[in-house]
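1. Return atomic coordinates for the entry below.
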Amino acid sequence: MFLFEKLILAHLIADFVLQFEELYQLKVRRLLGHLLHVFIHGAVMIILAFPYLDNPLVLLYITFLVFEHLLQDLIKYRLTQKFPTKQFIYYTLDQILHFVVLGFVLFFPVASETRPFPGPVPLNELYQDPVITRFFIFFILLTFAANYTLNSFYRSYVKGSRPLHWITSPEMAITILERSVIASVIIFAPSLSWILLSLTVGALRIPLRSLRHFKDFLISAGYTLALTAVFMVLAL
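-> Below you'll find the predicted structure:
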């Protein structure tokens, strides 16, 4: 599972954290955006799987993942442009397929090895700790991935939603902060009073007129509560 979790983390970093708004828009307009996106994917996977690159099979597998990701993205964007009302379905199937293909690494004997990362001891300890890897996976699912997921859902099913609903820079920053605060309280101070108090972080939306949607905040908070509960049961 060790290498699999590293590749999952690499996928989430490249697909969500490093897919900034400008790159997202470039992908919509030009092939260059897709090429830059999969280049970032390959680079992040090489970094996180670096201790395993002496195995030719792993290096070949990462190369396969890059080209497979490009093909899959091109198909998804073509379908999304042709059938925009089904964007959420394509988005969900796309992510499921990515995880399934990443799961092929579990058939590699080397995938079960916990190899050290070359460098300072503190860096290696961080790299080898599975809880830290799972925490970063959880954090990206909680923050950046949540915004892209909700954007896709809104564009498919919510009338009157903005094309960049949930993924403009101000909205991304505010929602990431509010979900991080709520999740931190649930994990580190799990009492009803503190959790209720953490919900006041929604007041950060008030100065920004376009974000004053109570329904959006409830969805964001509900997503946080559900995902954090799953994380605490499965990963901690």
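
2. Packing partners of the helix or strand where Arg78 lies?
-> Assigned by DSSP states H and E, Arg78 belongs to helix 56-82. With contacts defined as 3 or more CB pairs under 8 Å, 6 or more residues apart in numbering; DSSP states H and E, helix 56-82 has these neighbours: helix 21-29, helix 31-48, helix 87-102. To be clear about C-beta, it is placed using only N, CA and C from the backbone, and glycine gets the same treatment.

3. Just give the closest residue to Val158, not the sequence neighbours.
-> In this structure, Val158 finds its nearest non-sequential neighbour in His165, 7.7 Å apart by CB to CB, 6 or more residues apart in numbering.

4. got it, and Ile174?
-> Per CB to CB, 6+ apart, closest to Ile174 is Leu204, 5.5 Å.

5. How much space separates the residue of the chain positioned farthest from its centre from Ile182?
-> Most distant from the centre of the chain: Ser193, at 29.8 Å, with distances by CA atoms, centre = their mean. Per CB to CB, to the nearest Å, Ser193 is found 14 Å from Ile182.

6. Report the buried residues of the helix or strand bottoming out on mean pLDDT in the chain.
-> When the helices and strands of the chain are compared on mean pLDDT, DSSP states H and E, helix 21-29 comes out lowest with a mean of 71. Residues of helix 21-29 classed as buried by neighbour count (16 or more other CB atoms under 10 Å): 23, 26-27.

7. Same question for stretch 199-206.
-> Neighbour-count burial for stretch 199-206 [16+ other CB under 10 Å]: 199, 201-202, 204-205.

8. Same check on stretch 148-157?
-> 148-156.

9. With stretch 73-86 instead?
-> Buried residues in stretch 73-86, counted by 16+ other CB under 10 Å: 73, 76-77, 79-80.

10. Quick check: mean pLDDT of that stretch?
-> Taken as a whole, stretch 73-86 carries a mean pLDDT of 88.

11. who's in contact with Leu126?
-> Ile132 (CB atoms under 8 Å, 6 or more residues apart in numbering).

12. that older thread, so which of the buried residues of stretch 73-86 is the closest to Glu178?
-> Thr80 (28.1 Å; CB to CB).

13. Before I go, just wanted to say thanks for your time.
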